[in-house]
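1. would you be able to build a 3D model of this:
(2 chains)
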Amino acid sequence: QKEVEQNSGPLSVPEGAIASLNCTYSDRGSQSFFWYRQYSGKSPELIMFIYSNGDKEDGRFTAQLNKASQYVSLLIRDSQPSDSATYLCAVNKGGGNKLTFGTGTQLKVEL
Amino acid sequence: DGGITQSPKYLFRKEGQNVTLSCEQNLNHDAMYWYRQDPGQGLRLIYYSQIVNDFQKGDIAEGYSVSREKKESFPLTVTSAQKNPTAFYLCASRGQPNTGELFFGEGSRLTVL
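-> Sure, this is the predicted structure:
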C-alpha cells in the first residue's frame, strides 16, 4: 500500500461544476495535510492545509479531513478552466519533519 | 522579495559527469528539502536538512549528495552513480518543523544526453 494514494485521473468536469479530489493515507499518526496545485512544467503551490477533522473553507476551495477513515479531500466549487492542473496531496507523517506526496490527480475543467 | 532560488533552470549533462544544482533561500527557514519529480509522478524525497551542518537521506538518496554549510544554501550534487538522473528537481524550505507548508523554488530540469 502506498503511503499516500490518489487517483491519477484525468478528472474532467464542466466549467462551473464542483470538482472533488480525493486522497487516502496509511499512517494513522499523520498530523498535517496539504493540497498543492501544479501547472505543467511549474513548481507546486499551496492551495490548502488542514490539521483537524472536519471542513476548512477558503474561497472556492474546501478541504475535508476524516482521520478515522484516513481520508482527505479537496472540493473546488465553480470550477474554472484556470483550475486545470495536477493536484498533489501531501501528508506529514506522525512526529516527522517530512512531507510525503501522492502521485497527483490531473484535473481538466472543460468549457 | 523572500523566496527560494534554484539554478540553473535547465541543465544538460553527459553520462558520467557530476552536476551540482544550486538552492538558495532568504526566508530564514531552518529546514530545506530536495525532491525529484518524473513525468506523471509525484514528488519523491532525496535529502532533507533540518539545521545547518546536518542532513538526512530521504527515500531515494542513492547517487546524490548534499551539503548544508549555511542556513541559506542547500546544494544537491547528482553524481555519476545515479543511474537515471533525467528529471525535474525541486528544492523547498519549511518554516515550521512538523506542521508548516513547503515553499518551493521554480525547479531545475536536468537532462542526461
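2. CA only for contacts and neighbour counts going forward, please
-> Will do.
3. could you say which helix or strand holds residue 46?
-> I'll assume chain A. strand A:45-50 (DSSP states H and E).
4. meant chain B, my bad for not saying
-> strand B:43-51.
5. ok, and for that strand, which residues are buried?
-> Residues B:L43, B:R44, B:L45, B:I46, B:Y47, B:Y48, B:S49, B:Q50 are the ones in strand B:43-51 that count as buried (16 or more other Cα atoms under 10 Å in any protein chain shown).
6. residues from chain B in reach of chain A?
-> Residues of chain B found near chain A (Cα under 8 Å from any Cα of the partner chain) are B:40-45, B:90, B:97-99, B:101-107.
7. which of the residues you listed are buried? Put it as a PyMOL command.
-> In PyMOL, a selection of the buried entries from the residues of chain B next to chain A looks like this (16+ other Cα under 10 Å):
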select buried, chain B and resi 42+43+44+45+90+97+98+99+101+102+103+104+105+106+107
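8. and the residue of chain B that's closest to chain A?
-> B:G42 (3.7 Å; Cα to the nearest Cα).
9. pLDDT averaged over stretch B:34-44 - what is it?
-> Averaging pLDDT along stretch B:34-44 yields 91.
10. and what of stretch A:71-79?
-> 97.
11. and that stretch, what's buried?
-> A:Y71, A:V72, A:S73, A:L74, A:L75, A:I76, A:R77, A:S79.
12. now the residues you listed in JSON lines, with distance to chain B and secondary structure?
-> Below are the buried residues of stretch A:71-79 laid out as JSON lines (distance: Cα to the nearest Cα, whole Å; DSSP: H, G, I helix; E, B strand; the rest coil):
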{"residue": "A:Y71", "distance to chain B": "18", "secondary structure": "strand"}
{"residue": "A:V72", "distance to chain B": "16", "secondary structure": "strand"}
{"residue": "A:S73", "distance to chain B": "17", "secondary structure": "strand"}
{"residue": "A:L74", "distance to chain B": "16", "secondary structure": "strand"}
{"residue": "A:L75", "distance to chain B": "19", "secondary structure": "strand"}
{"residue": "A:I76", "distance to chain B": "20", "secondary structure": "strand"}
{"residue": "A:R77", "distance to chain B": "23", "secondary structure": "coil"}
{"residue": "A:S79", "distance to chain B": "23", "secondary structure": "coil"}
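13. show me which of these is closest to A:Y87.
-> A:L74 (9.1 Å; Cα to Cα).
14. how about the contacts made by the closest one?
-> A:S20, A:L21, A:N22, A:W35, A:F61, A:T62, A:A63, A:Q64 (Cα atoms under 8 Å, 6 or more residues apart in numbering or on different chains).
15. wait, isn't the residue of chain B closest to chain A in contact with A:T105?
-> No - judged on Cα atoms under 8 Å, B:G42 makes no contact with A:T105 at a distance of 9.5 Å.
16. what's the span of stretch B:43-62 from first residue to last?
-> End-to-end distance for stretch B:43-62: 16 Å, by Cα to Cα, to the nearest Å.
17. inside strands: which ones of the contacts of A:L74?
-> A:S20, A:L21, A:N22, A:W35, A:F61, A:T62, A:A63, A:Q64 (DSSP state E).
18. correct me, but the last one touches A:D55?
-> To tie it back to what came earlier, the one meant is A:Q64. Yes - counting by Cα under 8 Å, A:D55 is a contact partner of A:Q64 at 4.5 Å.
19. confirm that B:S93 sits in a strand.
-> Yes - assigned with DSSP: H, G, I helix; E, B strand; the rest coil, B:S93 falls within a strand.
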